[in-house]
Every structure is written in C-alpha cells, then in structure tokens.
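J.: Predicted coordinates and the sequence they were generated for:
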Amino acid sequence: MKFWSNSDIPSQGGYVPEKRLLAAVLQRAITDYVSGEGELREGARLWLLDDELTDAPLTFRFICEALDLDVGSLRGAIALQARNAAVEVLNEAAV
C-alpha cells in the first residue's frame, strides 16, 4: 500500500527537500544498525524489520515506498553490509 507518491512532488533540480529528509532518516537507521551497539543497534534493527501495516509516515516501509526503493532488496543489502561489518570487526580483533 503506497501512501505517498514521488510524482506528486514537483522536482527542484532533483533535490526535493522531503525526499532528502526521508533519505537521511533511512541512512541514519542503516548506520546505527550496521555500526551501532546495544540499544541503538537494536532499535534500528526493530525499525528496519518492522512489517506492520500502518498509516504512520516514518516507517521503514513508508520511506522505501516514498523513495521508490524495494523493501526486500534493501533489507537484503543492509543484512549483507551488517554481516560484512561484523566479519571485519572479528578480523581486526584477531590481529
């Protein structure tokens, strides 16, 4: 269910402020999940994996739809990045 469409927002040279804000929220959550620790990482993980259908405007699914991103593909890429980061940390610890 798509709540918002990019076609409804006039383009301003490719930099729509609302889309930039949504992208920043998404980027922060990914960073917190991949390189964060403790509650910060867990909160980001819960937000990224939440699949509950809701009208809330700042859910992971809403932001992906607003930015025309495929939810499943992005989750897969984030999981891969998190695994790679964990392996890198283990390799650094072993040195």
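T.: Looks like it arrived, so ask away. Numbers count the residues shown, from 1 in each chain.

J.: Residues contacting the one helix or strand Ala82 maps to, please?
T.: In this structure, Ala82 sits in helix 71-94 according to DSSP states H and E. Under the contact criterion Cβ atoms under 8 Å, 6 or more residues apart in numbering, helix 71-94 has outside partners 30, 33-35, 48-49, 60-61, 64-65. Heads up, the C-betas are built off the backbone N, CA and C, glycines and all.

J.: quick one: secondary structure of Asp55?
T.: The assignment at Asp55 comes out as coil when based on DSSP: H, G, I helix; E, B strand; the rest coil.

J.: Give me the neighbour count for it.
T.: Here the number of neighbours of Asp55 (other Cβ atoms under 10 Å) works out to 8.

J.: Also Phe62?
T.: 18.

J.: what's the least confident helix or strand in this protein, going by average pLDDT?
T.: Lowest by mean pLDDT, DSSP states H and E among the helices and strands of the chain is helix 71-94, with a mean of 88.

J.: list the buried ones in it?
T.: Neighbour counts over helix 71-94 (16 or more other Cβ atoms under 10 Å) mark 74, 78, 82 as buried.

J.: Stretch 33-48 too?
T.: 33-34, 36, 44-45, 47-48.

J.: Could you pull up the residues touching the residue sitting nearest the centre point of the chain?
T.: The C-alpha lying nearest the average C-alpha coordinate of the chain belongs to Leu26 (Cα atoms, centre = their mean; 3.6 Å). Each residue near Leu26 by Cβ under 8 Å, 6+ apart is listed here: 60, 63-64, 67.

J.: nearest to Pro17, of the residues you listed?
T.: The closest of the contacts of Leu26 to Pro17 turns out to be Leu67 (Cβ to Cβ; 13.4 Å).

J.: What pLDDT is listed against the closest one?
T.: What the model reports as pLDDT for Leu67 is 95.

J.: How about Ser11?
T.: Confidence at Ser11, expressed as pLDDT, is 55.

J.: Tell me how far the residue lying closest to Leu58 once chain neighbours are set aside lies from Glu88.
T.: Sequence neighbours aside, Val25 is the residue nearest to Leu58 in space, at 6.4 Å (criterion: Cβ to Cβ, 6 or more residues apart in numbering). Val25 sits 25 Å away from Glu88, going by Cβ to Cβ, to the nearest Å.
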